[in-house]
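Colleague: Sharing a model that was predicted from the sequence below.
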Amino acid sequence: MPFSPAQFLSNINAHDGLARPNRFEVVIPIPNAIGKADTGFLGKLVDAVRDPIGAIKDLGFFNQKQNDSNNVSNGATSRWLAFQCEQAELPGKTVMTIDQKVYGPSYKIPYKQQYNDITLNFLATNEFFERKLFEMWLNSMVSYETNNARFAKGPDGFMTDITIVQYDDIIKKIYSVKLIDAFPVGVAPMGLSWSEEGFHRVSVNFAYTKYQILYDSEYDLAGAASAIFGAAGAKLFSKTTRGVSNIASGPVNKIIGGVGRLIF
């Protein structure tokens, strides 16, 4: 069949256009073990997050079940990291196989899934909060003094569930994954040079047990409102987000789409 540009564009438009890699968000709930390692530092970090945007305690922007558990805390710090995370990746997965032969040619049989580590890059501020935080996280896992590992789970555990969200061109979540029992396994070196005039980035590798795909397809009205109107706007829209996300088509969808394009 000959290539038809019109049919190609029609097919793309029928599926709401092409997805863009720059429409994403990463949510990292901070384990309590990090706060117990140095409460003074985390208190200073939270204050630094709150000062520019007012006394914000909880915008409802990261409304996740795992934030209600006993082993994660510091919602403002998680929000700070979400703003600073400039580069991420959706995780990969491979099915491991073994060769099997009864008679004739051999063939492969799958026997388990293998998950690949991911890398997150964060912009570094002049306080170097980002690097200090992840170094504290690593030290909470394996003490730099004794080089002994600590327990991974429990109230004082160092694991968390990281959520990575892909948005469309408006404010709709089109794909989300939750990395179960995630933790940093390395902070990359940061180069120094007199000839370099750019900005520092903190690159962190994360391991995890598995990931779960979240099929929510919600419009993040609370997130958009908080960016424009602050905490009051987030609270106003957070109550209506779930109802709007269940609407598949119709005039309300068009209104939301129009507002999203005006905002972004």
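Modeller: Ah, there it is.

Colleague: Show me what the strand of greatest length in the chain is packed against.
Modeller: If you go by DSSP state E, the chain has its longest strand at strand 173-187. Helices and strands touching strand 173-187, by 3 or more C-beta pairs under 8 Å, 6 or more residues apart in numbering; DSSP states H and E, are helix 129-141, strand 160-167, strand 201-207, strand 210-214. For every residue, glycine as well, the C-beta is placed using N, CA and C.

Colleague: Check which residues of the third one are buried.
Modeller: Looking back up the chat, that one is strand 201-207. If you call a residue buried by 16 or more other C-beta atoms under 10 Å, then strand 201-207 has these buried ones: 201-204, 206-207.

Colleague: Can I get the residues you listed in TSV including pLDDT and distance to residue 77?
Modeller: Shown next, in TSV, are those (pLDDT from 0 to 100; distance: C-beta to C-beta, whole Å):
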residue	pLDDT	distance to residue 77
201	97	19
202	98	14
203	98	19
204	98	14
206	98	16
207	97	21
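
Colleague: for those, which one is nearest residue 99?
Modeller: The nearest member of those to residue 99, counting by C-beta to C-beta, is residue 207 at 28.0 Å.

Colleague: how close does residue 97 get to residue 111?
Modeller: Distance, residue 97 to residue 111, using C-beta to C-beta, to the nearest Å: 7 Å.

Colleague: more crowded one of the two?
Modeller: residue 97 (12 against 9; other C-beta atoms under 10 Å).

Colleague: Confirm that one sits in a helix?
Modeller: No: per DSSP: H, G, I helix; E, B strand; the rest coil, residue 97 lies outside any helix segment and is strand.

Colleague: pLDDT at it, what is it?
Modeller: Residue 97 carries a pLDDT value of 96.

Colleague: Remind me which helix or strand the nearest residue to it once chain neighbours are set aside belongs to.
Modeller: Nearest residue to residue 97, sequence neighbours excluded (C-beta to C-beta, 6 or more residues apart in numbering): residue 108, at 4.0 Å. Counting by DSSP states H and E, the element that carries residue 108 is strand 107-115.
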